[in-house]
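1. task: produce atomic coordinates for the following.
(chains A and B)
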2 protein chains.
Amino acid sequence: MVYEFERILSIQSHVVFGYVGGKAAVFPLQLLGYDVDVVNTVNFSNHSGYGRSGGSKTTAEELNAMFEIMENNELLVPTRLLTGYIPGSEALRAVEKLAIKLKHTRPSMIYLLDPVMGDAGRLYVAPDVVPVYREMLPLATIITPNWYEAELLSQVELKDMASLRRALSILHQQYHVPNVVISSIPLTPWLVNALPKAIRPENFDSSKYLLCISSSTSAQALSHTHLLAHSPENGAAMSTVHAQCVPLIPGYFSGVGDLFSALLLGHFHPTDTPDNLNATTLSSAVSQALTKTHAVLLLTQGQAQNLPEEERLPTDDELDKSIPLRKTRRARGRELALVRGQDLIRGHGITHVREMMLWEGFWNSGGEIEDSTQ
Amino acid sequence: MVYEFERILSIQSHVVFGYVGGKAAVFPLQLLGYDVDVVNTVNFSNHSGYGRSGGSKTTAEELNAMFEIMENNELLVPTRLLTGYIPGSEALRAVEKLAIKLKHTRPSMIYLLDPVMGDAGRLYVAPDVVPVYREMLPLATIITPNWYEAELLSQVELKDMASLRRALSILHQQYHVPNVVISSIPLTPWLVNALPKAIRPENFDSSKYLLCISSSTSAQALSHTHLLAHSPENGAAMSTVHAQCVPLIPGYFSGVGDLFSALLLGHFHPTDTPDNLNATTLSSAVSQALTKTHAVLLLTQGQAQNLPEEERLPTDDELDKSIPLRKTRRARGRELALVRGQDLIRGHGITHVREMMLWEGFWNSGGEIEDSTQ
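-> Presented below is the predicted three-dimensional model:
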């Protein structure tokens, strides 16, 4: 018997130096045993965190021409699709067309769509990219928006539990996305108040953590919820929600989301045996991805702290403006330690997996827990 | 103490599907522990062996712009440089300019120049690329031409031992290349006749082997030759020559040279301790590269033999013309098993290293051994 290796088509940015986009995703997926077909949506010198970067964007025409030749050569044969940074709407339309074709040919294809659009209120793609991503959502198996991108996609401002539930409902029901994962969420007071005790660490200082939420509407996940969640007061649960608080590592590291999404896709292994009520397909994959991403970040931080002082100075926007190399040196010192950390990605030396915990009662309106003001 | 990882700047082709150019080189180098900066000289759908391929070439202007920004961002900091397929002379000039700058900044930088120009009498770059490569030779630490490229660079037709010696002399003396490695040489009768017994396998059938030759003029290598080579009759040896016969694996596999060059660079570890007469710096690296490349090829061949019959048919140019997909399926079935073979590249499961053997008396004129007609 030939063990058939899986093949992932990855469509995202390329940088010469450092680890974002494809450079953060492809090597980890190869380490996990996937053959990866690599489409570069841009070819840049380095990520934008250095202040200066240059290179070229791949046009929609170039993408379409490559996809067409690959189709004619019978090379469009991925079992999984991963899309990330695609800066223009025309190029994104080319990717949408391809995703529709691939899904049509192989309905079981797993598509992780990372709707890379911006962060913390700032858009870093053309604005007309946003509606195209909304159109593409029904094609996705998993999406991994950050907080701001979840707002852009759902058109709901996330300011309390009711709006968070509404946004997830829209993504699941209106856009038919079965699996939504939002990582790196700042723990605002309303979110802290709503967190079940089981999910909050002991002696919780919310400023030292970020939250990761996963929400799955798979039939399996829902039947599992039914077993675990005690009689939800407001009808059937929309999805099974898991969450986990991840210790915040100070400083800005680029490519973390790209690494996380790649690891999530790499560890996502749905089963279709009918007797297996595997609610944890998504949450297990998220647990693995969070654990390994965190381990690589710790290694990166340790590396950054061994650099000369000028390369590990904290952010200081005013000083950065007068001495631009401060910023670039800091960015260089914080490039993900993917090569050095390759054994961690293979799972060696990982002694503790950060398990996603079931968020019981997430869909109960109200949902804020009374004794959680600490 | 921080162990300083080495950083390789790799400049060669990129293909979406399959393993040639950077796709054959970067992953192995990452597995060996190198951070790799990746410049894509072209972005193509697949290698040319599929008959059809498409995409774009990176212009000299785009390369220069990226290099300039990287310089301003202090990101041009490789300890090693690897260059491969660069299809146009203007782009190659941009790379030449960069190599001169890098060598000037860090004279100890190791530069493996793979002068990818053609094979078996067929040129697959613009003809004006050839003189630019000749100009660049003095910058290189190691070059890895194939037989045809060695002829193009030296302007010597290789037809007997005298012309082979003349070509190597020109590369070493006129172009100041300290290390020349020519792999995959067909064993023509004159070459077989000249081979010392120690290098020929038992029961030698020359049609089932290819020859690999390495030639090093490093001071260390030469003093070692002096110890080992017994009184060369025609003055001092020009270089230390090693060779090995590698079993030929039938069928055409793309990217093998790119993988070999990457592994050679990855395993090349010069020492400068004065008491270490390490003549084997080059030949050891070649031995490792040949061994691992051969192991990956065997795995690839095994994989190809498990494919459906139509995808493993031998080459048949007439039939290929009438049924173009025959050719593409065969090419797809022969893509290097790099991901599956990653443990081999890490050196796991390699029980026997194919050692390069000293070619004693290589520089003696004549040099053909009398009793070697079998």
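2. CA only for contacts and neighbour counts going forward, please
-> Fine.
3. what's the least confident helix or strand in chain A, going by average pLDDT?
-> Every helix and strand in chain A was compared by mean pLDDT, DSSP states H and E; the lowest is helix A:219-228, with a mean of 53.
4. what comes into contact with the very next helix or strand once past that one?
-> Downstream of helix A:219-228, the first helix or strand assigned by DSSP states H and E is strand A:240-247. Applying CA atoms under 8 Å, 6 or more residues apart in numbering or on different chains, the contact partners of strand A:240-247 are A:199-201, A:208-217, A:221-222, A:225, A:279, A:283, A:354-360, A:362.
5. buried subset of the residues you listed?
-> Neighbour-count burial (16 or more other CA atoms under 10 Å in any protein chain shown) applied to the contacts of strand A:240-247 gives A:199-200, A:209-217, A:221-222, A:225, A:279, A:283, A:354-360, A:362.
6. which residues of the stretch 201-350 of chain A score low on pLDDT?
-> The stretch 201-350 of chain A contains residues with pLDDT under 70 at A:219-236, A:272-279, A:308-319.
7. what does it have sitting close to chain B?
-> For the stretch 201-350 of chain A, the contact set with chain B under CA under 8 Å from any CA of the partner chain comprises A:Asn306, A:Leu325, A:Thr328, A:Arg329, A:Arg332, A:Val339, A:Arg340, A:Gln342.
8. how about the second one, what does it touch?
-> By CA under 8 Å, 6+ apart, the contact list for A:Leu325 reads B:Asn73.
9. secondary structure class for it?
-> Here A:Leu325 is recorded as helix under DSSP: H, G, I helix; E, B strand; the rest coil.
10. could you measure from it over to B:Arg106?
-> Going from A:Leu325 to B:Arg106 by CA to CA, to the nearest Å gives 21 Å.
11. for A:Asp114, same thing?
-> With the distance defined as CA to CA, A:Asp114 ends up 40 Å from B:Arg106.
12. report pLDDT for A:Ile110.
-> A:Ile110 carries a pLDDT value of 97.
13. hmm, it is touching A:Arg80, no?
-> Yes: counting by CA atoms under 8 Å, A:Arg80 is a contact partner of A:Ile110 at 4.7 Å.
14. any idea how far the closest residue to A:Val77 other than its chain neighbours is from chain B?
-> Using CA to CA, 6 or more residues apart in numbering or on different chains and skipping the chain neighbours, the partner closest in space to A:Val77 is A:Arg7 (7.5 Å). Using CA to the nearest CA, to the nearest Å, A:Arg7 is found at 10 Å from chain B.
15. compare A:Asp114 and B:Arg106 and say which is more crowded by neighbours.
-> Neighbour count, other CA atoms under 10 Å in any protein chain shown: between A:Asp114 and B:Arg106, A:Asp114 has more, with 24 against 14.
16. any idea how far the more buried one lies from chain B?
-> Distance, A:Asp114 to chain B, by CA to the nearest CA: 20 Å.
17. please report how far that residue lies from A:Trp190.
-> Separation of A:Asp114 from A:Trp190 (CA to CA): 26 Å.
18. the helix ranked longest in chain A packs against which elements?
-> Counting by DSSP state H, the longest helix found in chain A is helix A:280-305. For helix A:280-305, the elements it packs on are strand A:209-216, helix A:256-267, helix A:342-345, judged by 3 or more CA pairs under 8 Å, 6 or more residues apart in numbering or on different chains; DSSP states H and E.
19. wait, which of these is closest to A:Asp35?
-> The minimum distance between A:Asp35 and these falls on helix A:256-267, with 11.2 Å, by CA to CA.
20. for the helix or strand harbouring A:Asn43, C-alpha coordinates in PDB please.
-> A:Asn43 is part of strand A:35-44 when elements are defined by DSSP H and E. Extracted C-alpha coordinates of strand A:35-44, given in PDB (Å, rounded to 0.1, in the frame of the first residue of the first chain):
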ATOM      1  CA  ASP A  35       3.900  18.500  -0.200                       C
ATOM      2  CA  VAL A  36       3.200  22.200  -0.600                       C
ATOM      3  CA  ASP A  37       2.500  24.000  -3.900                       C
ATOM      4  CA  VAL A  38       3.500  27.600  -3.400                       C
ATOM      5  CA  VAL A  39       1.900  30.600  -5.200                       C
ATOM      6  CA  ASN A  40       3.500  33.900  -4.300                       C
ATOM      7  CA  THR A  41       1.000  36.700  -4.400                       C
ATOM      8  CA  VAL A  42       3.800  39.300  -3.900                       C
ATOM      9  CA  ASN A  43       7.600  39.000  -4.000                       C
ATOM     10  CA  PHE A  44       8.900  41.500  -1.500                       C
END
